[in-house]
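K.L.:
here is a sequence together with a model predicted from it:
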Amino acid sequence: MHTRRIGDVEVSAIGLGAMPMSIEGRPDEARSLATVHAALDAGVTLIDTADAYHRDADEVGHNETLIAKALATHDLGKDVLVATKGGHLRPGDGSWTLDGSPAHLRAACEQSLRRLGVEAIGLYQFHRPDPRVPYEESVGAIRDLLDEGKIRMAGISNADPDRIRLAAGILGGRLVSVQNQFSPAFRSSEPELRLCDELGIAFLPWSPLGGIARAGELGSAHAPFARIAAARGVSPQRVCLAWMLAKSPVVVPIPGASRPETILDSAATPDLVLTSAELAELDAA
C-alpha cells in the first residue's frame, strides 16, 4: 500500500476508523476482529479509536479493548500505529459530554494505556475542545504526557485554525496530526486542511464518506462521484477517498468500517489516480 507520514512514522495512506465496531448497531465481536484482520492483510497500518467509542455506560474503552485484541491475534499487529483520543465521554444514554481538564486527560490516558496494553500510546489526540476549560490547559496536559513518555506523538481533533496554531505552539512544534470532519457533504474544514498542508501536519478526515448512516448513499447524494465511479469501474466511496488523497500529501482518511469487504474496498484507494479534470469536477460538485 502507498504510505504517508504522521510525525516520524510511516503509515498506510488509508487508515481504519474503528468506531462503528463499538457503538449502536455494532456487529458481533467475531466480525469486528475479522474486519481489523482484513485491514491488516490489505496493508492498513493506522487504526483510529477513542475511549469514548462504546455504547453502554459500563463499557468505556470498548473499542480500544477490541482493537488491542485484534492486533494481538494477528502477525502484523505489531506494525500498526494506534491513534486514540481522550476528552470526550459517553454517559451511556447515546449523548456525548466533554471533559478537557488536565486531571481527566491524565486519567484517561492511563486507562487507555492499560486497555491497549502498551507502555506508550503511539498517537494520543485531544478529542474535542471543552468550553469550560481553557484550551491551553487541555493541550498543556497532552504536552506533559508527551514529555513524560506516556505518548509517543500528540494530536488534536475538532480544531479550527487558531487552535491548530495555538496547539502547535504549546507542544513546541510537536503537533503531528489534526483530526477533523471532512467529506463531500462537509467541506468547511478546508481551511484547516490547507493549514496542515502548510505546516506539514497530518490531516485525518473523520467520517470521510459522510458518516455511518450516509456512507452507503454517497453516490446517490453526490452525482459526480457516482458518475466517475461508474466510468472507472469502482465504488463512489473509493472515488471519494481518492479525491481526498489528491488534495494534499498530508491527508490520511480514516473511513469507518465494520465489515471486511468495506475496508478492503477503501484500502484499494491509493491505486486509483484521478485525472485533473475529474478532480475539478468533484471539487465543483
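P.N.:
Done, it's in. Residues are numbered from 1 along each chain as shown.
K.L.:
okay, buried residues for the lengthiest helix in the chain please.
P.N.:
Ranked by residue count and defined by DSSP state H, the top helix of the chain is helix 102-116. For helix 102-116, burial by neighbour count (16 or more other Cβ atoms under 10 Å) applies to 102, 104, 105, 106, 108, 109, 112, 113, 115, 116. For the C-beta atoms, the positions are set from N, CA and C on the backbone; glycine is no exception.
K.L.:
kindly report the same for stretch 14-24.
P.N.:
14, 15, 16, 17, 18, 19, 20, 21, 22, 23.
K.L.:
output that stretch in CSV, but only the C-alpha positions, please.
P.N.:
Output in CSV follows, covering the C-alpha atoms of stretch 14-24 (Å, rounded to 0.1, in the frame of the first residue of the first chain):
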residue,chain,number,x,y,z
ILE,A,14,-5.8,4.9,4.2
GLY,A,15,-6.5,4.2,7.9
LEU,A,16,-9.3,2.3,9.6
GLY,A,17,-11.8,4.2,11.6
ALA,A,18,-12.9,1.6,14.2
MET,A,19,-15.7,3.5,15.8
PRO,A,20,-18.6,1.5,14.1
MET,A,21,-17.5,-1.7,15.7
SER,A,22,-18.4,-0.4,19.2
ILE,A,23,-21.3,2.0,19.1
GLU,A,24,-25.0,1.4,18.5
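K.L.:
can you list contacts of the helix or strand bottoming out on mean pLDDT in the chain?
P.N.:
Least confident helix or strand of the chain, by mean pLDDT, DSSP states H and E, is helix 218-221 with a mean of 89. Applying Cβ atoms under 8 Å, 6 or more residues apart in numbering, the contact partners of helix 218-221 are 184, 185, 209, 210, 214, 225, 226, 229, 235, 236, 237, 240.
K.L.:
got a pLDDT number for the closest residue in space to the second one that isn't next to it in sequence?
P.N.:
Taking Cβ to Cβ, 6 or more residues apart in numbering as the measure, residue 185 lies nearest to residue 210, with 5.3 Å between them; neighbours along the chain are not counted. On the pLDDT scale, residue 210 is placed at 92.
K.L.:
quick one: residue 210 is in a strand?
P.N.:
No. Assessed with DSSP: H, G, I helix; E, B strand; the rest coil, residue 210 is coil; it does not lie in a strand.
K.L.:
can you count the residues close to residue 120?
P.N.:
Using other Cβ atoms under 10 Å, residue 120 is surrounded by 15 other residues.
K.L.:
equivalent analysis for the one 4 residues further on, please.
P.N.:
Neighbour count of residue 124, defined by other Cβ under 10 Å: 27.
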